[in-house]
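Asker: fold the following and give me the result.
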Amino acid sequence: DRVLFAQHFGLMIGAERDCSPAYDTDLRERYVADVVSRPGGGFAAVSSDGDVPNSLYVSPTGSEPFSPVGAPFPLGFLPERVRFAEGDPMHVYVSGETVVSSTMSFAGTLFASHDGGAHWDAFDVPLDDDEHVLRALAVDPADADRLFLVAQSTVSDRVIEVTGGGATQASTLSLMAVPIASDRPMVLAFTSDHSIWLGNTE
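Answerer: Numbering: from 1, shown residues only. The predicted model follows:
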């Protein structure tokens, strides 16, 4: 019965069919890039402002204010997505990018944690010249150390398979996409027979 809105000017929380959601106090006036339910209960969100360090925030139930977990990410890192391993609130990934100084290009990074965000391991994810967004899509429900990312350029979505918790990366396919805004949708789903389904704007 709880609805959460990640948006440019904070995180809003409301009840089902509630027309007056309220802002979370700690994330008010922050750009919140993503909010997800956390395995075992509660919610997690990531801020993504360019002028201050960003963090992973957690609320045990959604009723309490969201509080930052662990040390903030490096200044300039812009988180895009937070994803948890199925059934494991301690195994969490945050993907995003950093603008390369004095250029128009971006550097991609995947942060991985085995203690719920208290400590992070950083893994570089090389982006092609025209790619400007790096998003985590989903963690394999059968393997907490395997997940898929998408690197998005103007007209393509490049899917990257990550294994070893971030240590190994391999491009699996590239899908053409309708050239719309940089936040265009891209989804991945696992089926019970271990197939993987992908969908984008094309």
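Asker: contact partners for the closest residue to T25 other than its chain neighbours?
Answerer: Nearest residue to T25 in three dimensions, chain neighbours excluded: P65, at 4.9 Å (CB to CB, 6 or more residues apart in numbering). Just so you know, the C-beta spots here come from the backbone N, C-alpha and C atoms, and that holds for glycine as well. By CB atoms under 8 Å, 6 or more residues apart in numbering, P65 lies in contact with D24, T25, D26, S59.
Asker: out of the residues you listed, which end up buried?
Answerer: Buried subset of the contacts of P65 (neighbour count, 16 or more other CB atoms under 10 Å): D24, D26, S59.
Asker: against Q152, how distant is P74?
Answerer: 22 Å (CB to CB, to the nearest Å).
Asker: more neighbours, the two?
Answerer: Q152 (22 against 13; other CB atoms under 10 Å).
Asker: what pLDDT is listed against the more buried one?
Answerer: Note for Q152: predicted pLDDT of 93.
Asker: measure it to Y23 for me?
Answerer: Relative to Y23, and taking CB to CB, Q152 is found at 29 Å.
Asker: now A6
Answerer: From A6 over to Y23 (counting by CB to CB), the distance is 12 Å.
Asker: show me which of the two is the more surrounded one.
Answerer: A6 (18 against 15).
Asker: sorry, back to before: return the member of the buried ones among the contacts of P65 nearest to P39.
Answerer: S59 (14.1 Å; CB to CB).
Asker: give me the phi and psi for the residue nearest in space to the middle of the chain.
Answerer: By CA atoms, centre = their mean, the chain has its centre lying nearest to R81, at 0.9 Å. Dihedral pair for R81: phi -140, psi 150, per degrees, to the nearest 10.
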